[in-house]
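Visitor: Starting from these lines, generate the structure:
(one chain, ligands or ions: 2)
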Amino acid sequence: MPTIDCCSQPGLMPIESAREKLLQALSPINGTEILPLAQASGRVLAEDVSSGVNLPPCDNSAMDGYALRHEDLSSGLPLELIGKSFAGAPFDGVVNPGTCVRIMTGAALPEGADTVVMQEHVDAQGESIRVNCEVRPGDHIRRCGEDVAEGAALLKAGECISVPHIALLAAAGVGTVTVVRKPVIALFSTGDELRQPGEALGKGDIYDSNRIALLAALAQMDLKVLDLGILPDNKQSISDALQRAAKEADAIITSGGVSVGEADYTREVLEELGEIGFWKVAMKPGKPFAFGFLQGTPFFGLPGNPVSALVTFYQLAVPALSIMKGDQWSGPQTLQAQLLKPLKKKPGRTDFQRGVYRTDGSGVLVVEPVGTQGSHILSGLAVANCFIVLARESGSVEAGEQVVIEPLGVPLG
Ligand SMILES: Nc1nc2c(c(=O)[nH]1)N[C@H]1C(S)=C(S)[C@@H](COP(=O)(O)OP(=O)(O)OC[C@H]3O[C@@H](n4cnc5c(N)ncnc54)[C@H](O)[C@@H]3O)O[C@H]1N2
Ligand code: MOO
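Guide: Ligands and ions are numbered 1, 2, ... in the order given. Presented below is the predicted three-dimensional model:
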């Protein structure tokens with residue numbers, strides 16, 4: 001039995017260094033676009049935004065009730081009702097001593113009034129009212145500008161716009177925002193054996209699951225895709241596609257052809273046309289991942305094996321694409337969980353085993369490997385809800401040990 005990982009070899013780059021190199025080599029793309037606010041969720045703001053108005057724009061009522069002068073309450077006398085103030089139809093007059101105005105939630109506080117009393121605390125008789133409980137001056141008034149003052153900063157350039165941000169900007173009357181434009185990602189699969197799902201399979205053919213999954217993942221990241229389809233294992237077609245991609249896209253993602261087989265041309269062609277930044281990472285699966293540049297356009301060569309393609313996409317391409325989008329990438333989101341079954345591992349590569357984590361009956365976070373872990377076993381990846389991450393130099397792990405997990409399904413970049 002070998003005691004080392006047979007796929008590990010000298011010169012494999014640790015995944016942490018690979019990520020660092022990617023993050024150092026990439027920067028947010030240039031170019032902005034103006035979007036209607038409602039379409040800006042998840043986009044990165046390109047300019048600071050400040051408020052052109054006070055929020056609320058004027059003193060207004062927080063309750064349905066009566067607007068009055070607090071000092072009038074000390075006499076105990078009834079107050080004369082002189083009008084109504086609705087949200088959108090304010091009372092125009094003045095609340096003079098001894099008078100009050102019926103007021104609805106959100107309606108402007110009439111001049112002269114300094115307090116609102118909820119209608120539940122008032123006895124109304126015809127055109128006069130009596131307040132029947134203790135009231136403090138200024139009760140139930142929402143002050144002009146108490147939420148946001150005119151001119152105050154609302155959001156800073158570089159922030160990712162959330163739905164609550166949109167509510168705030170809309171409330172401040174912002175109709176459009178200038179955001180970083182979406183990076184365009186050129187995508188293709190290589191392999192003579194690949195067919196589009198829905199087509200008939202010939203002998204030795206398989207369906208192109210990588211490109212379809214990556215199209216979905218890129219859409220989930222809100223990136224634009226230049227889909228260059230399935231390419232045969234042919235240097236000329238790969239060269240043509242790479243050159244078109246370098247001209248038309250901000251980044252290139254390919255699957256397949258980065259290993260050492262006789263029909264593995266992708267990395268070879270990239271090396272001829274552009275430059276390889278690094279090739280082969282100390283990770284399992286995903287070792288043959290290649291990164292480089294073609295005429296200034298970054299290139300991510302994902303391995304063809306379907307689990308390897310998605311693991312390298314999540315672990316290496318997502319951080320890089322997040323940076324290009326103008327987002328922050330603050331490292332993988334990890335948790336600690338107790339391993340329920342032993343895992344075999346040889347030192348040499350960081351292992352991303354597929355697992356299912358949950359909280360057990362006593363509130364402990366536990367994780368169970370999904371079973372077969374081959375880099376062609378998509379059924380395991382499909383049921384997994386996390387990666388179990390075993391450090392590069394670690395060996396096998398026993399049941400009961402604490403392991404690091406990375407939940408899947410958290411927002412991508
Ligand atoms: N002698 C060695 N052989 C291999 C090594 C090695 O170090 N020495 N590395 C292995 C590892 S690890 C991986 S991962 C694969 C990666 O190979 P390629 O990136 O060159 O990918 P292909 O050879 O084109 O395909 C590998 C495998 O994946 C299937 N495939 C390819 N594209 C797709 C797709 N779009 N959808 C679904 N499945 C796809 C393909 O049919 C192959 O079965 O190399 C190992 N070999
Ligand atoms: O790393 Mo490959 O991706 O093990 O199958």
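
Visitor: Just checking: what are the partner strands of the longest strand anywhere in the chain?
Guide: In the chain, with assignment by DSSP state E, the single longest strand is strand 350-359. If you go by DSSP bridges, strand 350-359 pairs up with strand 283-284 (parallel), strand 365-369 (antiparallel), strand 386-390 (antiparallel).

Visitor: As TSV, those with mean pLDDT, mean neighbour count and distance to ligand 2 would be great.
Guide: The C-beta positions use only the backbone N, C-alpha and C, and glycine is treated the same way. Output for the strands paired with strand 350-359, formatted as TSV (pLDDT from 0 to 100; neighbours: other Cβ atoms under 10 Å; distance: least, Cβ to the nearest ligand atom, whole Å):
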stretch	mean pLDDT	mean neighbour count	distance to ligand 2
strand 283-284	97	24	5
strand 365-369	97	19	16
strand 386-390	98	23	14
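
Visitor: out of those strands, nearest to residue 137?
Guide: Evaluated over the strands paired with strand 350-359, closeness to residue 137 peaks at strand 365-369, with 52.4 Å, by Cβ to Cβ.

Visitor: And the next helix or strand after the closest one, what's buried?
Guide: Per DSSP states H and E, the first helix or strand lying C-terminal to strand 365-369 is helix 378-383. Within helix 378-383, the residues scored as buried using 16 or more other Cβ atoms under 10 Å are 378, 380, 381.

Visitor: Ligand 1 contacts on the stretch 101-250 of the chain?
Guide: 189, 191, 193, 194, 206, 208, 209, 210, 211 (Cβ under 6 Å from any ligand atom).

Visitor: Please work out how many residues are found near the fifth one.
Guide: When you say that, I think you mean residue 206. By the measure other Cβ atoms under 10 Å, the count of residues near residue 206 is 12.

Visitor: try the first one
Guide: Residue 189 is flanked by 25 other residues according to other Cβ under 10 Å.

Visitor: Surely residue 35 is in contact with residue 176?
Guide: Yes: with contact defined as Cβ atoms under 8 Å, residue 35 and residue 176 form a contacting pair (6.4 Å).

Visitor: how about residue 107, what does it touch?
Guide: Neighbouring residues of residue 107 by Cβ atoms under 8 Å, 6 or more residues apart in numbering: 60, 61, 85, 86, 87, 88, 89, 90, 91.

Visitor: In a markdown table: the residues you listed, plus neighbour count.
Guide: Formatted as a markdown table, the contacts of residue 107 follow (neighbours: other Cβ atoms under 10 Å):
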| residue | neighbour count |
| --- | --- |
| 60 | 23 |
| 61 | 25 |
| 85 | 25 |
| 86 | 14 |
| 87 | 13 |
| 88 | 9 |
| 89 | 11 |
| 90 | 18 |
| 91 | 21 |
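
Visitor: Brilliant, that's me finished.
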